[in-house]
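*Asks:* no sequence for this one, just the structure:
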């Protein structure tokens, strides 16, 4: 007989099982991250990617601390960790804007000039003596 189900209401058993799976998943990810030297990892990344990694790491740690506070009965919404998460989120948005600008297509001024020039109507010079075709009347 499983005595652990007697320690808490049976209605929350599914929630606790899901939570345990999530914790296992987080543990696996942390083990993977910790298996690679941070300096080795950063050397392989571009500066923008390094910033993303640092921000995700900081956000993850603060989120885990948020969960820890909640498990200790402390309201994380009234703790400075909330402001820290908001600050990190602000920087994440700034990095996203930079990445989006970097991905945006650059204007090829020469191609744009040729496109506009060819698209515009140009009148024929007045000294053009090309005979116009006259319409025949019946």
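*Replies:* Sure thing, it's come through. Keep in mind that what you see is a predicted model, and the values were worked out from it rather than measured.

*Asks:* how does this structure divide into domains?
*Replies:* 11-44, 45-104 (the TED database).

*Asks:* chain center to the first one, what's the gap?
*Replies:* When you say that, I think you mean domain 11-44. Mean-position distance between domain 11-44 and its chain equals 20 Å (Cα atoms, centre = their mean, to the nearest Å).

*Asks:* avg pLDDT for that domain?
*Replies:* What domain 11-44 shows for mean pLDDT is 87.

*Asks:* now residue 7: how far from residue 13?
*Replies:* Separation of residue 7 from residue 13 (Cβ to Cβ, to the nearest Å): 11 Å. Heads up, the C-betas are built off the backbone N, CA and C, glycines and all.

*Asks:* sorry, back to before: what's the most buried one of the domains of the chain?
*Replies:* domain 45-104 (a mean of 13; mean count of other Cβ atoms under 10 Å).
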